[in-house]
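Undergrad: curious how this folds, go ahead:
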Amino acid sequence: MAHLIKLEDYVSRYQSDLHRYPSQFTRMKKERWNYIKQEWEQLQSKDKSTLKINSDEDEFIEKEGNLFTLAVAKMKNWKSRKNNKENIVVENEELNADLTIDELRKQFLDDLFHSQLRWASSSLLEESSLHPRYKKDTILRFFSQQLPDNFFLMYRPVFYIRNAPIELDIILITPNEVICLAVLNGDEHSVFEASSDRFWTEYVNQTRKKRISPLLALSRMSGVIQPILEEADIQVPIRKVVFTSDGIIDHRIGSTKTELIDHRNVEDWHQKLKKNPTPIKHQQLKIAEILLAQTHTMGFKRMQEDLADN
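TA: Numbering: from 1, shown residues only. Below you'll find the predicted structure:
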């Protein structure tokens, strides 16, 4: 799973310590999966012992002006109960021996996605009001769940440039490059006619619609990111991608360095991203820190009684 380091203008705990939280989240994910898989295997072998997974929580302690965290494996929602069958409950969904390993993994990833949203909308002492739409956002879920641990994801980040907020689309910070993505939302019957003009045309269900060219969004994104990195004396490739997972992009643009990804080539493109074996690099962390420092953040102090619940 990619690290969701920034969501809109929400408080993100990655902003407080980018060097620590990626490894902590990856370790937490591995521990959770090993535990739940082991319990599922016990169910498969008809083990009738009572399953008990202790809930846990982060404890945040402030002492002599220094803030430090006692973090243990996140198992809060992994409770157990015993009816006619042995069950493991994840986010109020029962996992039982009838599940296949693929179904188990899907429910596991869905639960972990909610953890990602919590981490992307709260820090140790602050939080933001997470809009409910993000729990059902299929694009956010795809890029969060289906990319490897060595990717950093910024989703609709709001940058503060020249005293003005600018909302961008999607930024992927990989070990080797920065990828700017503009998403075309359509349906499975949409055909987008691409052009170098200000507008593209979407043909769907015998109708024709004008759509603002996603190339404009990509140009705005690179226009924000490139100067920031140049000022920090960082040289890294910036790749531009127009993405639609459902429709088809009819390419009628002349020479362009922008990749056009639609449902015909999205799986190949996705597999290439997943196969990136390079571990997180120092420069990648530096790029993420620099970009995070330029983002706009709005949050409020967390209630004292809520600190232990995240």
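Undergrad: so Leu260, which of the three states?
TA: Look at Leu260: counting by DSSP: H, G, I helix; E, B strand; the rest coil, its state is strand.
Undergrad: backbone torsions only: list them for the closest residue in space to Arg239 that isn't next to it in sequence.
TA: Among residues not flanking Arg239 along the chain, Ile179 sits closest, at 4.8 Å (C-beta to C-beta, 6 or more residues apart in numbering). From N, CA and C alone the C-beta is placed, and that goes for glycine too. Dihedral angles of Ile179 (phi, psi; degrees, to the nearest 10) stand at phi -110, psi 120.
Undergrad: now do the same contact list for the residue nearest the centre of the chain.
TA: Geometric centre of the chain, nearest residue: Ser144, 3.2 Å, by C-alpha atoms, centre = their mean. Residues near Ser144 by C-beta atoms under 8 Å, 6 or more residues apart in numbering: 1-2, 4, 113, 116, 153.
Undergrad: with neighbour count, secondary structure and pLDDT as added columns, please give these in JSON lines.
TA: Below are these laid out as JSON lines (neighbours: other C-beta atoms under 10 Å; DSSP: H, G, I helix; E, B strand; the rest coil; pLDDT from 0 to 100):
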{"residue": "Met1", "neighbour count": "20", "secondary structure": "coil", "pLDDT": "89"}
{"residue": "Ala2", "neighbour count": "21", "secondary structure": "coil", "pLDDT": "93"}
{"residue": "Leu4", "neighbour count": "25", "secondary structure": "strand", "pLDDT": "96"}
{"residue": "Phe113", "neighbour count": "20", "secondary structure": "helix", "pLDDT": "93"}
{"residue": "Gln116", "neighbour count": "24", "secondary structure": "helix", "pLDDT": "92"}
{"residue": "Leu153", "neighbour count": "23", "secondary structure": "strand", "pLDDT": "98"}
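Undergrad: ok, so of the residues you listed, who is nearest Lys281?
TA: Nearest to Lys281 among these, counting by C-beta to C-beta, is Ala2 at 15.3 Å.
Undergrad: ok, now how distant is the closest one from Phe152?
TA: With distances taken as C-beta to C-beta, to the nearest Å, Ala2 is found 7 Å from Phe152.
Undergrad: common neighbours of these two, please.
TA: With C-beta under 8 Å, 6+ apart, Ala2 and Phe152 have common neighbours Leu172.
Undergrad: please name the nearest non-neighbouring residue to Leu7.
TA: Ala120 (4.1 Å).
Undergrad: for that neighbour, what are its contacts?
TA: For Ala120, the contact set (C-beta under 8 Å, 6+ apart) comprises 4-7, 10, 12, 14, 155.
Undergrad: how does it look with 6 Å?
TA: 4, 7, 12 (C-beta atoms under 6 Å, 6 or more residues apart in numbering).
Undergrad: in TSV: the residues you listed, plus distance to Leu125.
TA: Shown next, in TSV, are the contacts of Ala120 (distance: C-beta to C-beta, whole Å):
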residue	distance to Leu125
Leu4	20
Leu7	18
Ser12	13
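Undergrad: of all these, which comes closest to Thr174?
TA: Nearest to Thr174 among the contacts of Ala120 is Leu4, at 14.6 Å by C-beta to C-beta.
Undergrad: helix, strand or coil for the closest residue to Ala232 other than its chain neighbours?
TA: Closest residue to Ala232 apart from its sequence neighbours, by C-beta to C-beta, 6+ apart: Ile290 at 5.2 Å. Three-state call for Ile290 (three-state DSSP): helix.
Undergrad: Ile290: neighbouring residues, count only.
TA: As a burial measure, Ile290 scores 15 neighbours (other C-beta atoms under 10 Å).
Undergrad: okay, it: pLDDT?
TA: At Ile290, the model reports a pLDDT of 96.
Undergrad: quick one: it and Ser122, what's the gap?
TA: To Ser122, Ile290 is 22 Å away according to C-beta to C-beta.
Undergrad: would you tell me which helix is longest in this protein?
TA: Longest helix in the chain by number of residues, with DSSP state H as the criterion: helix 21-44.
Undergrad: report the buried residues of it.
TA: 21-22, 24-25, 28-29, 32, 36, 39-40, 42-43 (16 or more other C-beta atoms under 10 Å).
Undergrad: same for that helix, what does it pack against?
TA: helix 101-119 (3 or more C-beta pairs under 6 Å, 6 or more residues apart in numbering; DSSP states H and E).
Undergrad: same question for the helix it packs on: list its buried residues.
TA: 104, 107-109, 111-113, 115-117, 119.
Undergrad: quick check: of these, which lies closest to Ile228?
TA: Of all those, Trp119 has the smallest distance to Ile228: 23.7 Å, by C-beta to C-beta.
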